[in-house]
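J.: turn this into a structure:
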Amino acid sequence: MSELFLNQRRLDIQPGATLFDAADLLGLKLPSSCGRHGSCHECIIQVTAGEEALNPRTENEDFLRGGYRLACQCRLERPEPVVHAHALRRGTPQIAASGRPVPVALAPAVTRGPDDTVLLDGEPIAQRRGPLLGAAADIGTTTVVLRLVDLETGQIVAAQSFENPQMFGGGDVMGRITYDRETKRRDLQQVLVAYLNRSLGEFCEALGAETDDIYEFVAVGNATMRDLLFGYDVQTIGVKPFMSVSEIEFREGQRETTALACRPTRLRLAINRKGRVWGAPLIACHVGADTAACVAAVDVERAARPVIIMDIGTNTELVVGHGERVLCASCPAGPAFEGARVTWGMPGLEGAIESVRLENGQVDYRVIGDAAPAGICGSGMIDALGELLRTGRMNMLGRLEDGDGRFLIAEAAGIYLSNKDISELAQAKGANIAGILILLRELGLTLEEVDRFYLAGGFAQYIDIEHAIRIGMLPRMPVEKFEKLGNAAIEGATALLCSTDLRRRLDAYVHRIGHVELENHPAFFGYYVEGMQFKASDEMAPAGV
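T.: Residues are numbered from 1 along each chain as shown. The predicted model follows:
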């Protein structure tokens, strides 16, 4: 017998069995639409230890890298060493798919005409009696959030989140761009579409509807994620001036918008073949359609006083200002707060430690979904750092003051933060605070002039503001000025699905937002170095600034 840990659940299994067989024994549902022959590329798992006990990669797995395998192709050949693996996690709507709803007057592109005619932009595309459905998706580098919406009422009828299955191509956008260049194939697009199709099919089955009842699909995401979905060449995003092909063509006058649109058949997306897939416009460079959706959600154009939007994800995007005086930037923060390069890091899905407190030397934590702890997500990391700093167990340089260089959080599960993990988080927060202070400086604004500070992103709803200020991730401002939006990108995408008027207004506005390339700004390095220390922003004194 071979010993295996799959999603941290132990079982003994016969040699020759696949990891898909193991998942069956554990009652874990893995996606597959090819009868487990390896052709659909859906049952991706990550082997984190013991790979030498498994068979070599098969031909069907040649698109994968690192420890990623297909569960149906991956067989146990030797009893040792013990294999540890996990399947891509799928979450519940309240974990990553919720935010502050955006009120809009219902004006979708899809409407119902006489005699059960379905109209798209006023033109007939079908004659069906079923519901008029649309889908909205926030394609994050780490997490994908998907919603199904009744276009006649504007009501959300289904929602789901799941880890982006493109993770095998790299944990950040530059990794995906490199993978796409080196393989010269469309594996990243195909696996994402397969997962979207699976979720859309599940939605419709639960509702007693058909995927042909879905007539429009609205997608937001950073420039790389959006363009990968549409099958665009993303290589121009990875080199200076870091622009999407659509942005280059827009700036050269070859197109009127950076928004994208195509028929579903071009992407093999399982919605009505005469419907439409629409990708929201980009703002500039890496500040993409997800940030544009956040701008729509907050309505920066009509804000009476300056605001800050900070969308924390695999990277952090910033928008500062109001009306016609608005700047944006993408912070080179990396995916640490989404779990990458942190030993026990994971996205904000079920099983993630989301809150940490230290009382009388004891660690108290809370887990999303009240499940067994499987790792720690961004909000939990911020809490842990804030508590370590508050209690003197970590110094301002981010070094643990005692022990073996590890802060043990969940003893039974062995979950901890190490000095190396803390260093990764220091670099991420340093880039974030540097971006905020530089954009304010470029606009000639002070923190006192900022009316609202909006926090957006998958785990924004769970961030402890005081801890984030204490460790220098957020600027020192009155706590009441901060407002948590949750996943503003999916809320904005949903509003754009329901309102063509909002689409037109957003498309006209985003191209008037100025862009600052932080890494080329003369003050960036000074703010960044200071920002990596664990102290409040008003204690920072960048050299040469």
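J.: average pLDDT across stretch 108-125?
T.: Per-residue pLDDT over stretch 108-125 has a mean of 96.
J.: in it, what counts as buried?
T.: 108-111, 118-120, 125 (16 or more other C-beta atoms under 10 Å). (Glycine included, C-beta is placed from N, CA and C.)
J.: same question for stretch 209-229.
T.: Per 16+ other C-beta under 10 Å, stretch 209-229 contains these buried residues: 209-229.
J.: do stretch 45-59 as well
T.: Within stretch 45-59, the residues that count as buried by 16+ other C-beta under 10 Å are 45-47, 50-51, 53-54, 57.
J.: also stretch 237-246?
T.: Of the residues in stretch 237-246, 237-238, 242-246 count as buried by neighbour count, 16+ other C-beta under 10 Å.
J.: show me the contacts for the spatially closest residue to Gly531 that is not a sequence neighbour.
T.: Take Gly531 and drop its neighbours on the chain: the residue closest to it by C-beta to C-beta, 6 or more residues apart in numbering is Gly430, 3.4 Å away. Contacts for Gly430 (C-beta atoms under 8 Å, 6 or more residues apart in numbering) come out as 527-533.
J.: in JSON lines: those, plus neighbour count, pLDDT and distance to Val82.
T.: Shown next, in JSON lines, are the contacts of Gly430 (neighbours: other C-beta atoms under 10 Å; pLDDT from 0 to 100; distance: C-beta to C-beta, whole Å):
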{"residue": "Tyr527", "neighbour count": "24", "pLDDT": "92", "distance to Val82": "46"}
{"residue": "Tyr528", "neighbour count": "23", "pLDDT": "93", "distance to Val82": "41"}
{"residue": "Val529", "neighbour count": "14", "pLDDT": "93", "distance to Val82": "42"}
{"residue": "Glu530", "neighbour count": "21", "pLDDT": "93", "distance to Val82": "44"}
{"residue": "Gly531", "neighbour count": "27", "pLDDT": "92", "distance to Val82": "41"}
{"residue": "Met532", "neighbour count": "20", "pLDDT": "94", "distance to Val82": "37"}
{"residue": "Gln533", "neighbour count": "17", "pLDDT": "94", "distance to Val82": "40"}
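J.: from the residues you listed, which land in helices?
T.: 527-531 (DSSP state H).
J.: return the closest of the residues you listed with respect to Arg512.
T.: When those are ranked by distance to Arg512 (C-beta to C-beta), Tyr527 comes first, at 26.3 Å.
J.: show me what contacts the closest one?
T.: Residues in contact with Tyr527 (C-beta under 8 Å, 6+ apart) are 430, 433-434, 437-438, 540, 542, 545.
J.: closest one to Arg357 out of the buried residues of stretch 108-125, please.
T.: Of the buried residues of stretch 108-125, the one sitting nearest to Arg357 (C-beta to C-beta) turns out to be Pro108, at 45.0 Å.
J.: which residue comes closest to that closest one once chain neighbours are left out?
T.: Leu151 (4.4 Å).
J.: number of nearby residues for Leu417?
T.: Close neighbours of Leu417, defined as other C-beta atoms under 10 Å, add up to 27.
J.: please report the distance of the closest residue to it other than its chain neighbours from Leu389.
T.: Spatial nearest neighbour of Leu417, excluding adjacent residues (C-beta to C-beta, 6+ apart): Phe407 at 4.8 Å. With the distance defined as C-beta to C-beta, to the nearest Å, Phe407 ends up 11 Å from Leu389.
J.: one more: Ser244?
T.: The separation that Ser244 has from Leu389, given C-beta to C-beta, amounts to 39 Å.
J.: re earlier: list only buried entries from the contacts of Tyr527.
T.: 430, 433-434, 437-438, 540, 542.
J.: my guess is Asp501 meets Ala105, correct?
T.: Yes - using C-beta atoms under 8 Å, Asp501 is in contact with Ala105, at 7.0 Å.
J.: in stretch 469-485, what counts as buried?
T.: Buried-residue list, stretch 469-485, by 16+ other C-beta under 10 Å: 469-475, 477, 481-482, 484-485.
J.: pass me the low-pLDDT residue ranges in the stretch 301-450 of the chain, would you?
T.: Along the stretch 301-450 of the chain, the model assigns pLDDT under 70 to no residue.
J.: how about the strands in it?
T.: Here the stretch 301-450 of the chain has its strands, by DSSP state E, counting those that start in this stretch, at 307-312, 316-322, 325-331, 352-359, 362-367, 375-376, 406-410, 415-418.
J.: strand partners of the last one, parallel vs antiparallel please.
T.: Going back to what we said before, that points to strand 415-418. If you go by DSSP bridges, strand 415-418 pairs up with strand 406-410 (antiparallel).
J.: please compute how far the partner strand lies from its chain's middle.
T.: Strand 406-410 sits 26 Å away from the centroid of its parent chain (C-alpha atoms, centre = their mean, to the nearest Å).
J.: for Leu455, give me phi and psi.
T.: Dihedral angles of Leu455 (phi, psi; degrees, to the nearest 10) stand at phi -100, psi 120.
J.: how far away is the closest residue to it other than its chain neighbours from Ile312?
T.: Nearest residue to Leu455 in three dimensions, chain neighbours excluded: Lys484, at 5.0 Å (C-beta to C-beta, 6+ apart). Counting by C-beta to C-beta, the gap from Lys484 to Ile312 is 11 Å.
J.: which neighbours do these two have in common?
T.: Residues touching both Lys484 and Ile312 (C-beta under 8 Å, 6+ apart): 455, 460.
J.: so who does the residue nearest to Pro108 touch?
T.: Applying C-beta under 8 Å, 6+ apart to Leu151 gives the contacts 108, 110-111, 132-134, 215-216, 497-498.
J.: now, the buried residues of stretch 45-59 that are in strands?
T.: 45-47 (DSSP state E).
J.: going by distance to Leu518, which of those residues wins?
T.: Gln46 (31.6 Å).
J.: residues touching the closest one, list them.
T.: 66-69, 85-86, 88, 167-168.
J.: neighbour-wise, which of these leads?
T.: Counting neighbours by other C-beta under 10 Å, the top entry in those is Phe168, with 27 neighbours.
J.: which residues touch that residue?
T.: Contacts of Phe168 (C-beta under 8 Å, 6+ apart): 44, 46, 63-66, 68.
J.: now it, nearest residue through space, not along the chain?
T.: Here the residue nearest Phe168, using C-beta to C-beta, 6+ apart, is Tyr68, at 3.8 Å.
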